[in-house]
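> everything below, folded, please.
(chains A and B)
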2 protein chains.
Amino acid sequence: MKLKRWLPCIDWAASYDRATAGKDGLAAVIVTLMLIPQSLAYAMLAGLPPITGLYASIAPLVLYAIFGSSRTLAVGPVAVISLMTAAALAPMFAAGSAAYIGAAMLLAALSGLILLLMAVMRLGFLANFLSHPVISGFISASGILIALSQLKHILGVQADGQTVLQLLPSLAAQLPAINAPTLVIGGLCLLFLQLVRTRLKGLLLALGLSSGWADSLTKTGPVLTIIVSVLAVTLFNLADSGVRVVGSVPEGLPVLQLPTMDLQLAMQLLPAALLISLVGFVESVSVAQTLAAKRRERIDPNQELVGLGTANIAAAISGGFPVTGGFSRSIVNFDAGARTPMAGILTAVGIAITALFFTPLFHNLPHAVLAATIIVAVLSLVDLASLKRTWRFSKQDFIAQAATMVGVLFMGVEIGIMLGVGLSLLLFLWRTSRPHMAVVGQLPGSEHFRNIERFAVVQSDSVVSLRVDESLYFPNARYLEESITQLLVDYPNCKNLVLMCSGVNLIDASALDSLEAIVERLKVAGVQLHLSEVKGPVMDQLRRSEFLQHFGGQVFVSQYAAMQVLDASSVAKAARVNELVQFDLR
Amino acid sequence: MKLKRWLPCIDWAASYDRATAGKDGLAAVIVTLMLIPQSLAYAMLAGLPPITGLYASIAPLVLYAIFGSSRTLAVGPVAVISLMTAAALAPMFAAGSAAYIGAAMLLAALSGLILLLMAVMRLGFLANFLSHPVISGFISASGILIALSQLKHILGVQADGQTVLQLLPSLAAQLPAINAPTLVIGGLCLLFLQLVRTRLKGLLLALGLSSGWADSLTKTGPVLTIIVSVLAVTLFNLADSGVRVVGSVPEGLPVLQLPTMDLQLAMQLLPAALLISLVGFVESVSVAQTLAAKRRERIDPNQELVGLGTANIAAAISGGFPVTGGFSRSIVNFDAGARTPMAGILTAVGIAITALFFTPLFHNLPHAVLAATIIVAVLSLVDLASLKRTWRFSKQDFIAQAATMVGVLFMGVEIGIMLGVGLSLLLFLWRTSRPHMAVVGQLPGSEHFRNIERFAVVQSDSVVSLRVDESLYFPNARYLEESITQLLVDYPNCKNLVLMCSGVNLIDASALDSLEAIVERLKVAGVQLHLSEVKGPVMDQLRRSEFLQHFGGQVFVSQYAAMQVLDASSVAKAARVNELVQFDLR
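Numbering: from 1, shown residues only, chains lettered A, B, ... in the order given. Presented below is the predicted three-dimensional model:
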């Protein structure tokens, strides 16, 4: 049983049969056709030789198939992680140099080790600190940044930079040097791929194909583009007209070797590796969970850490770079009928065959075509409308999302994501430091107490009931003191103050000190403090202090019980309304 | 009215009379006698010439009297802030050098500007992020560190260091060089001051003095020590025996001058200035609030920022160093009968007279005596028992407190305090990322719902009610999804799931996404989600999304209303228990 938990493949391998193999095989063919251009393109995006993209799509897929818990996740190079790889390495080494390639392998190794460490220490929850608005902002901004960074290949010029502020001027300066044949090829590819993405599916559906098949075929558009463009370059000898092509790609499988064990470099790469691990994990798990839910399968986030960790270590020792589960690729895999991770292993076989025999075919593949593939793929990730939805729902979430986007675009991917996470946390803390509080009264005909400003409730003359809508802890301890001081001014006839604690999920030592101070001040003013609806865990905690012994008031199980004891006349008044009033909260 | 808010002195100055002046004058005399040795000693602790202590006790007191909102706070150099000043400057300049003195003035200027900026931006709430355990740990550890740093003066040796790890070996290495006469003077002073502190009050009370007077007289012990020790050194010519004395102190008032405007240095000092401002503000405000509460006066924290800010600017331009409201000094001021800030102005006059005429008297004052004054004062701040109390109440608060102490002692004051604040926040976030959840049932004979594991409640067969004891936000969004998935396994007959939101004070965009995912998963399992007891602000927020339109369930005003609609038989069962059961929560 324990072995099964660590090796999820035992589960499906035991009952593997020919029918499943057929489905997996078909899916593998489609994913392979989609993965070849993607792996070449994302290697280019990461600043690496195209072959490393193929390398990163062989061993990692096999390892994930053995250790991963998702049945249909397709692992490999993805756009955002490739961008982060480039952002981490470009400032240190010349793109494509041996040192750069070694550092990319080291980055994958570090990322794999971090993921495995997180698995062992059960730190998967850390990924939760990347909030949805931050992830959404990060992916949209990364999409824009990636598209911009690939424009140079479409234009056939040289340009560099990690942010919009560096890329745009660099591109603008190069505009006079545009290579016309490159631009024509790049432009046509962009147009064709965009049409495939937006129209082909409708066409195929009209021709009677199933939705899943239509989707999957649509994704093979890039392979078609590659074939046509290689033919065109070869026939018209376009390489001589200044169209940059991939050039000679070594044939054969990657040689297994350990990445450079440069401790100083490892320390430098550690922050980038940490972010790559977290982002890759979050992206991968959310895809895996979405797909698993469709077939009632379950994902074990901790096992996903093991799967992705071993996949990245495999990438590191087989000449690759950081990998994770890809969004569009996994959906294609799922829609094409993949049933088990065997589809991933068969995909790896497909890529291995490509690396062994077909790399000479890529010699005349223009960079512009790969760039067009990337641009069309990443622009579909840009979701600016979500900014508007977030703005409407919550200004704080909007600030985090917008800050992430601005940070990524103008300061770099790492700063952007850290800015977003930091701001999310700070805004939450700031919000809890000024909690909402409501004086409550009894809803006539019920035992329920609500805000006097929102409901027609019955209020006692001598008892003030205050509901605090936040845990009581150090950032808001003093605020509570001030609010209650103000309450005494507003209710001069108050004799008993009931703190309704239904929203209080924690009382820490600072808040306890504040409560003691409040009790003293209230006593001086002739008011006694009571508590109501204190939850079990909070009550347990209060019992570990001396507060309950000397605060002089009572702890009531419910606000209604408190009012029965402290002001029975008010309760009677609320009960005289005989019919249960139906409150519609909408 | 507005002027009065910014100049609280208008309030008391208008009705100032001779009787009040008498009380203020008497308090001023006692505080002056206490402040003279303190200001000299804390200047020494800060690594500055003794005279700067007097300078820091003149202009700042006047400015605080004009702008501060506390009537009895006594401002000036304090131990903890002097230690922080030394910690910031000692690594940069030689103690006592002109550059060191200039940097101390700059530090006071920065601290003053930060406090004023906080006042303008109403950022006083930032001080709340220093939790009580962190402050307590910080003050105890600072006390130990200060006492250790002063030991060298008692032993008559040279030793340096900012942490225990540096101070102890430095002191140990110097043990053979102990100066016997210095040790005798220092030891006697320590003994005498400790006896004064612990026994004199009892003696004076036995002689029939009032408690307040006895307290105040006790605080003049250090002045007595100074007088005796100066006489002893002069009579026995002890300076020739290696007893280090203060030496010649310039006579006269400080010359007003702007501190060095070195922008680069200012940037370097900024983090230290920020911490000094926050710590000084927190310490000062808590003293001021304690004293104000005793006389039913009110403190305006924002006005305190103005008062302390102008006081520090005054210190900066009059040759001083960072100041704040002192704990023991303010209590002496209060107990000696001070009624208005005029007592502070009169104290400033007393110190000014000292600086003008009496500084030659300090020539033969031994460093050992000042050190003894400091040690006795700071050791009374060390409260190790609070560690035990905090441990009992909350392990998380204990971790923050212990980390602050260890940090201050072994890594330095700034690192220590940042470690404490950072840990407090992280532990809170970690805690909220795994919230407490309880399945609830109806308390028989009431409309109240409580945890089924703690109370004998009536549970419905088809409706599961889950109370989530935390705001729903990104760190716990996924945890909620997992918990509800688990719940479905535990309750296979569940048809309706009611999320009781009494403890939910916020729902952010990530949690909203999770709720949507939960609704989808529940629908697949044939379960409908409902909400109950959603608070007004959370309801307002949900209305700004489309969740309420398509989640398919209802929002009930109370858990009881939900059960009436979803399972009336369960409600009827709970009602059959006719007597109201009295639940005692203790």
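> point to the helix or strand of chain A where mean pLDDT is at its lowest.
Least confident helix or strand, chain A: helix A:2-6 with a mean of 74, by mean pLDDT, DSSP states H and E.
> tell me what it is packed against?
Under the contact criterion of 3 or more CB pairs under 8 Å, 6 or more residues apart in numbering or on different chains; DSSP states H and E, helix A:2-6 touches helix A:9-13, helix A:301-317. C-beta coordinates here come from the backbone N, C-alpha and C atoms, glycine included.
> include distance to chain B and mean neighbour count when you put these into a markdown table, please.
Listed next are the helices and strands packed on helix A:2-6 as a markdown table, based on distance: least, CB to the nearest CB, whole Å; neighbours: other CB atoms under 10 Å in any protein chain shown:
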| stretch | distance to chain B | mean neighbour count |
| --- | --- | --- |
| helix A:9-13 | 19 | 14 |
| helix A:301-317 | 8 | 26 |
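> circling back to that earlier point, return the distance of the least confident helix or strand of chain A from the chain's centre.
Put simply, helix A:2-6 sits 27 Å off its chain's centre (CA atoms, centre = their mean, to the nearest Å).
> what does it contact?
Outside helix A:2-6, the residues that touch it by CB atoms under 8 Å, 6 or more residues apart in numbering or on different chains are A:10, A:11, A:67, A:300, A:303, A:306.
> repeat that for stretch A:131-139.
A:80, A:130, A:279, A:282-283, A:381-383, A:386-387, A:390, A:397-398, A:400-405, A:408, A:413, A:416-417, A:420-421, A:424, B:473-474, B:477, B:508-510, B:513.
> swap in stretch A:418-430?
A:129-131, A:133-134, A:137-138, A:275, A:396-397, A:399-401, A:403-404, A:407, A:411, A:475, B:129, B:425, B:429, B:473-474, B:506, B:508.
> excluding its backbone neighbours, what's nearest the residue of the stretch 201-350 of chain A found nearest chain B?
Nearest residue of the stretch 201-350 of chain A to chain B: residue A:293, at 6.4 Å (CB to the nearest CB). Leaving aside its sequence neighbours, residue A:293 sits nearest to residue B:521 (CB to CB, 6 or more residues apart in numbering or on different chains; 6.4 Å).
> same question for residue A:12.
residue A:340 (4.4 Å).
> next, the one you found: secondary structure please.
Secondary structure for residue A:340, judged by DSSP: H, G, I helix; E, B strand; the rest coil, is coil.
> how about it, what does it touch?
A:12, A:16, A:20, A:24, A:71 are the contacts of residue A:340 under CB under 8 Å, 6+ apart.
> the strands in the stretch 201-350 of chain A, which residues?
Using DSSP state E, counting those that start in this stretch, the strands of the stretch 201-350 of chain A run over A:324-325.
> what segments of it are helices?
A:201-206, A:211-218, A:221-236, A:263-294, A:301-317, A:327-335, A:342-353 (DSSP state H, counting those that start in this stretch).
> and the helices and strands packed on helix A:2-6, which one's lowest on average pLDDT?
Averaging pLDDT over each of the helices and strands packed on helix A:2-6 singles out helix A:9-13 as the lowest, with a mean of 83.
> got a quick PyMOL command for the buried subset of the contacts of stretch A:131-139?
A single PyMOL command selects the buried members of the contacts of stretch A:131-139 (16 or more other CB atoms under 10 Å in any protein chain shown):
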select buried, (chain A and resi 80+130+279+282+283+381+382+386+387+390+397+398+400+401+402+403+404+405+408+413+416+417+420+421+424) or (chain B and resi 473+474+477+508+509+510+513)
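> would you map the strands across the stretch 351-500 of chain A?
Under DSSP E, counting those that start in this stretch, the stretch 351-500 of chain A gives strands at A:437-442, A:449-451, A:463-468, A:496-500.
> what angle sits between the last one and strand A:437-442?
If I follow you right, that is strand A:496-500. Put simply, strand A:496-500 runs at 110 degrees to strand A:437-442, going by axes from the mean of the first three to the mean of the last three CA atoms, to 10 degrees.
> who touches the residue of the stretch 351-500 of chain A found nearest chain B in this structure?
Nearest to chain B in the stretch 351-500 of chain A, going by CB to the nearest CB, is residue A:474, at a distance of 3.4 Å. Contact analysis of residue A:474 by CB under 8 Å, 6+ apart lists A:508, A:510, A:511, B:128, B:129, B:130, B:131, B:132, B:134, B:424.
> wait, which of those is closest to residue A:329?
residue B:424 (42.9 Å; CB to CB).
> for the residue lying closest to residue A:28 once chain neighbours are set aside, list the residues it contacts.
Leaving aside its chain neighbours, residue A:28 sits nearest to residue A:346 (3.4 Å; criterion: CB to CB, 6+ apart). Residues counted as contacts of residue A:346 (CB under 8 Å, 6+ apart) are A:24, A:25, A:28.
> recalculate using a threshold of 10 Å.
By CB atoms under 10 Å, 6 or more residues apart in numbering or on different chains, the contact list for residue A:346 reads A:21, A:24, A:25, A:26, A:27, A:28, A:29, A:31, A:32, A:61, A:65, A:338.
> what about the second one, how many neighbours?
Using other CB atoms under 10 Å in any protein chain shown as the criterion, residue A:24 is surrounded by 25 other residues.
> confidence score at the closest residue in space to it that isn't next to it in sequence?
Of all residues not flanking residue A:24 in the chain, residue A:343 sits nearest, at 4.0 Å (CB to CB, 6+ apart). On the pLDDT scale, residue A:343 is placed at 94.
> got the strands of the stretch 351-500 of chain A as TSV, with mean neighbour count, distance to chain B and mean pLDDT columns?
As requested, those are exported to TSV (neighbours: other CB atoms under 10 Å in any protein chain shown; distance: least, CB to the nearest CB, whole Å; pLDDT from 0 to 100):
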stretch	mean neighbour count	distance to chain B	mean pLDDT
strand A:437-442	22	7	94
strand A:449-451	23	5	93
strand A:463-468	23	8	95
strand A:496-500	25	9	96
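> distance check, the residue nearest to residue A:12 against residue A:304.
The spacing between residue A:340 and residue A:304, counted by CB to CB, to the nearest Å, is 16 Å.
> and what of residue A:171?
For residue A:171, the distance to residue A:304 - CB to CB - is 38 Å.
> now residue A:512
Shown here: residue A:512 relative to residue A:304, a distance of 40 Å by CB to CB.
> try residue A:254
Counting by CB to CB, the gap from residue A:254 to residue A:304 is 25 Å.
> for chain A, which spans come out with low pLDDT?
Counting by pLDDT under 70, the ranges of chain A that qualify are A:1-2, A:296, A:577-586.
> could you redo the last one with a cut-off of 50?
A:578-586 (pLDDT under 50).
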